[in-house]
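Participant: With the sequence up front, the predicted model follows.
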Amino acid sequence: MNNSEIQFLDGPQSRLKELKFTFQTMRELIHGFRALHFIGPCITVFGSARFKDGHPYYELTRKASAEFAKLGFTILTGGGPGLMEAANRGARDVGGRSVGCNIQLPVEQRPNPYLDKWVYMQHFFLRKVLLVKYSFAFIVMPGGYGTLDEYFEALTLIQTHKIKDFPIIIFGKDYHKELLEHIETMKKDGTINETDSHLYLVTDDIQEAVNLIKEKSIKQYGLKPRPKSKPTWWLFEHR
């Protein structure tokens, strides 16, 4: 967490400091929009930075992302190591596009070597906006607090109709067993609706995930691999 974030979360500041923070975050958000404007429709992959090359989850993420990239999607991740790297690497394996939206952290969050393009963000809440904005499906691989935060953010936005009913696909049935049991508890206690468990798919079958994306992302929204708009030279834009 950087100094500006610490100050912002430390209660009310002077009006000048809060105005300055507002303009800083607006500038950062605009920077993110401009950097990612031409990346095309994306599939965002969430997952831990701590599973390394050779781990079964790393290999699963790499293989799954390669299949998603073959559909014409850009693979978008947090841009760091671990399963984020595996997802970007899978896209690179099949000639797909690979993009990262990095967060500045003291540890774990350096850009991985399989990115075609990346943008740095200072604030988690702005990064989540970008990861959601350009995505037509969300893949949840095994991870920690950050992965679950991103998963429930996307799930809540779909549940509350703030974004469209894009596929959310959870890989790792064994890893997520207790989480899924808790979701059933929430459903039993009425804190979520009976139908809310239909907002996501739990699978370890890559082809099942591909079929759902074809049905709920490509067919339902008529997606095309790249946007029609072109970079504007006087805005210093580029793909």
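Facilitator: Ah, there it is. Numbers count the residues shown, from 1 in each chain.
Participant: quick one, strands of this protein?
Facilitator: 42-46, 74-77, 98-103, 117-121, 135-140, 168-171, 201-203 (DSSP state E).
Participant: would you list those in CSV and tack on mean neighbour count, distance to Ala66 and mean pLDDT?
Facilitator: Any C-beta I mention is one placed from the backbone N, CA and C, and that applies to glycine too. Shown next, in CSV, are these (neighbours: other Cβ atoms under 10 Å; distance: least, Cβ to Cβ, whole Å; pLDDT from 0 to 100):
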stretch, mean neighbour count, distance to Ala66, mean pLDDT
strand 42-46, 28, 11, 97
strand 74-77, 30, 9, 96
strand 98-103, 24, 11, 92
strand 117-121, 20, 18, 90
strand 135-140, 24, 12, 96
strand 168-171, 23, 14, 98
strand 201-203, 17, 17, 97
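Participant: could you dump these to CSV with distance to Glu215?
Facilitator: Formatted as CSV, those follow (distance: least, Cβ to Cβ, whole Å):
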stretch, distance to Glu215
strand 42-46, 14
strand 74-77, 20
strand 98-103, 24
strand 117-121, 29
strand 135-140, 11
strand 168-171, 12
strand 201-203, 11
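Participant: can you map out the helices along the chain?
Facilitator: Assigned by DSSP state H, the chain shows helices spanning 3-8, 15-36, 56-70, 83-93, 124-133, 145-159, 177-188, 206-213, 220-221.
Participant: Among those helices, which comes closest to Pro111?
Facilitator: helix 83-93 (9.4 Å; Cβ to Cβ).
Participant: ok now the closest one, how far from the chain's centre?
Facilitator: 13 Å (Cα atoms, centre = their mean, to the nearest Å).
Participant: okay, that helix in PDB with CA atoms only?
Facilitator: Provided in PDB are the C-alpha atoms of helix 83-93 (Å, rounded to 0.1, in the frame of the first residue of the first chain):
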ATOM      1  CA  LEU A  83      -0.900 -18.700 -12.200                       C
ATOM      2  CA  MET A  84      -1.000 -15.300 -13.700                       C
ATOM      3  CA  GLU A  85       2.200 -16.100 -15.600                       C
ATOM      4  CA  ALA A  86       0.800 -19.500 -16.500                       C
ATOM      5  CA  ALA A  87      -2.300 -17.900 -18.100                       C
ATOM      6  CA  ASN A  88      -0.300 -15.400 -20.100                       C
ATOM      7  CA  ARG A  89       2.100 -18.100 -21.100                       C
ATOM      8  CA  GLY A  90      -0.700 -20.300 -22.300                       C
ATOM      9  CA  ALA A  91      -1.900 -17.500 -24.600                       C
ATOM     10  CA  ARG A  92       1.700 -17.000 -25.900                       C
ATOM     11  CA  ASP A  93       1.900 -20.700 -26.600                       C
END
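Participant: mean confidence for that helix?
Facilitator: Mean pLDDT, computed over helix 83-93, is 98.
Participant: contacting residues around it?
Facilitator: By Cβ atoms under 8 Å, 6 or more residues apart in numbering, the residues outside helix 83-93 that reach it are 45, 47-49, 51, 53, 57-59, 61-69, 74-75, 77-79, 96-100, 112-116, 139, 141-143.
Participant: at 7 Å instead, please
Facilitator: 45, 47-49, 51, 57-58, 61-66, 69, 75, 77-78, 97-98, 100, 112, 114-115, 141, 143 (Cβ atoms under 7 Å, 6 or more residues apart in numbering).
Participant: would you turn the helices of the chain into JSON lines with mean neighbour count?
Facilitator: Below are those laid out as JSON lines (neighbours: other Cβ atoms under 10 Å):
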{"stretch": "helix 3-8", "mean neighbour count": "13"}
{"stretch": "helix 15-36", "mean neighbour count": "14"}
{"stretch": "helix 56-70", "mean neighbour count": "21"}
{"stretch": "helix 83-93", "mean neighbour count": "27"}
{"stretch": "helix 124-133", "mean neighbour count": "18"}
{"stretch": "helix 145-159", "mean neighbour count": "17"}
{"stretch": "helix 177-188", "mean neighbour count": "12"}
{"stretch": "helix 206-213", "mean neighbour count": "16"}
{"stretch": "helix 220-221", "mean neighbour count": "14"}
